[in-house]
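# From the sequence below, what's the structure:
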Amino acid sequence: MNEINKKGLSTTLLCCLIWGLLPLYWALLNQVSSFSVLSHRIIWSGFWMFFLVIATGREQLRIDIQHLHTHLTQLGLLLLAAVLISVNWFTYIWAVTNQHVLDTSLGYYINPLLNVLLGILIYKETLLWPQKLSIAIAVLGVSIMTFQMGTLPIVSIILAVSFSLYGAVKKRLTIHPFSSIAFEAWLVTPVALWYLVAVDTTSWAFIDNLTPTGLLLIGAGLTTSIPLILFSYGARLLPLNILGFLQYLSPTMGFFLAIFYFGESFGTAQLIAFGCIWVALVLFSLSNRIPSARKRS
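Numbering: from 1, shown residues only. Coordinates of the predicted model:
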């Protein structure tokens, strides 16, 4: 592996490790309401991204602003991306602070398979039979869990759907990734500020007094921005198969944290669902090798 690929691997691995450890971070903020944590996450993400964009690509930012000004559909897509990622962030924060970490893990395991379905619906992509089978197995697992528990895994579904749609929207954006991340935060910052000023003003006391909780709220912007930047950098340097494999690291860490740190129950229903998802992911990953094998033969 050459030096450039080592850099891509290390940055992507670090990104996935940060994402995998985020439940520990949000759990430290369980004394603050989920909406307030989300609002601070948005505001401080925009704050830190402002300095990053100015330091690394002021000219690129100007180009992207002009592009958005002349292509209003791009601005609409950017706003949609901001709303989708905000829904995803809130659901994740709420899930961690309400002992649903296992559901977050399931959601992000489902996510790559849902991406495939979106590829069929939006981009008219075709699937090999093992890929179709992998999706059917995943749906079967979730269906059995729903039947046994008597309720849909709402948290998992919202996380998977919101992040998959977010990825689909991002594919249609033609501005620089750093600018996109910054604009997404800036577009919803007025709503976040309104919430903290008009609805829940209590969290500002943590900031004013620079308590540990206040520092964690300020740091929420960094825990959001840094992994996104690392992932954007690594994604340009790594092949898709390695990139896709590394993305399973975060939900795997969440899975073990849910059971061994947060002490969430893991019964038969969850075992069946996760077992089906794991089988589906292995089958899907192996199916990606079929076209290249055919080419070699």
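
# Which positions in the helix or strand that contains Leu118 come out as buried?
Leu118 belongs to helix 101-123 when elements are defined using DSSP states H and E. Of the residues in helix 101-123, 101-116, 118-119 count as buried by neighbour count, 16 or more other CB atoms under 10 Å. Heads up, the C-betas are built off the backbone N, CA and C, glycines and all.

# repeat for stretch 226-235
Using 16+ other CB under 10 Å as the test for burial, stretch 226-235 gives Ile226, Pro227, Leu228, Ile229, Leu230, Phe231, Ser232, Tyr233, Gly234.

# Just give me the residue right at the centre of this protein.
Nearest residue to the geometric centre of the chain (CA atoms, centre = their mean): Phe163, 5.7 Å.

# Report pLDDT for that one.
Per-residue pLDDT puts Phe163 at 90.

# for Glu125, same thing?
For Glu125, pLDDT reads 69.

# what's the longest helix in the chain?
Across the chain, the helix with the greatest residue count (assigned by DSSP state H) is helix 34-70.

# how far away is the residue nearest to the centre of the chain from Val169?
Phe163 sits 11 Å away from Val169, going by CB to CB, to the nearest Å.

# Please identify every residue contacting each of those two.
Residues touching both Phe163 and Val169 (CB atoms under 8 Å, 6 or more residues apart in numbering) are Leu84.

# on that earlier part again, quick one: list the elements packing against the helix or strand following the longest helix of the chain.
Per DSSP H and E, the first helix or strand lying C-terminal to helix 34-70 is helix 72-97. Under the contact criterion of 3 or more CB pairs under 8 Å, 6 or more residues apart in numbering; DSSP states H and E, helix 72-97 touches helix 3-27, helix 34-70, helix 101-123, helix 154-172, helix 177-194.

# Tell me what angle helix 72-97 forms with helix 3-27.
60 degrees (axes from the mean of the first three to the mean of the last three CA atoms, to 10 degrees).

# Could you check how far helix 72-97 is from the centre of its chain?
From the chain centre to the centre of helix 72-97 is a distance of 10 Å (CA atoms, centre = their mean, to the nearest Å).

# Could you list the buried residues of that helix?
Residues of helix 72-97 classed as buried: 74-75, 77-78, 80-97 (neighbour count, 16+ other CB under 10 Å).

# Give me the buried stretch members for stretch 51-67, please.
Within stretch 51-67, the residues that count as buried by 16+ other CB under 10 Å are Val53, Gly57, Leu61, Asp64, His67.

# returning to that earlier point: quickly note the distance from the residue nearest to the centre of the chain to Asn111.
Distance from Phe163 to Asn111, by CB to CB: 5 Å.

# ditto for Tyr195
Taken as CB to CB, the span from Tyr195 to Asn111 is 27 Å.

# cool, and Ala138?
Counting by CB to CB, the separation of Ala138 from Asn111 is 11 Å.

# now do the same end-to-end measure for stretch 202-218.
One end of stretch 202-218 sits 15 Å from the other (CA to CA, to the nearest Å).

# now swap in stretch 194-210 and tell me
With CA to CA applied, stretch 194-210 spans 22 Å between its terminal residues.

# Need the mean per-residue confidence for it.
The pLDDT scores in stretch 194-210 average 90.

# name the element the spatially closest residue to Met149 that is not a sequence neighbour belongs to?
The spatially closest residue to Met149, leaving aside those adjacent along the chain, is Ala269, at 5.1 Å (CB to CB, 6 or more residues apart in numbering). According to DSSP H and E, Ala269 maps onto helix 268-287.

# Buried residues in that helix, which are they?
269-270, 272-274, 276-281, 283-285, 287.

# ditto for stretch 209-222
For stretch 209-222, the buried set under the neighbour-count rule, 16+ other CB under 10 Å, comprises Thr213, Gly214, Leu216, Leu217, Ile218, Gly219, Ala220, Gly221.

# What distance do you get for the fifth one to Ala81?
This points to Ile218. Taking CB to CB as the measure, Ile218 falls 24 Å from Ala81.

# same check, this time on the fourth one
In this structure, Leu217 and Ala81 are 24 Å apart, going by CB to CB.

# do the same with the third one
As defined by CB to CB, Leu216 lies at a distance of 26 Å from Ala81.

# And for the last one?
In this structure, Gly221 lies at 18 Å from Ala81, with CB to CB as the measure.

# sorry, back to before: now the helices and strands packed on helix 72-97 as JSON lines including distance to Gln247?
As requested, the helices and strands packed on helix 72-97 are arranged in JSON lines below (distance: least, CB to CB, whole Å):
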{"stretch": "helix 3-27", "distance to Gln247": "7"}
{"stretch": "helix 34-70", "distance to Gln247": "21"}
{"stretch": "helix 101-123", "distance to Gln247": "7"}
{"stretch": "helix 154-172", "distance to Gln247": "11"}
{"stretch": "helix 177-194", "distance to Gln247": "16"}
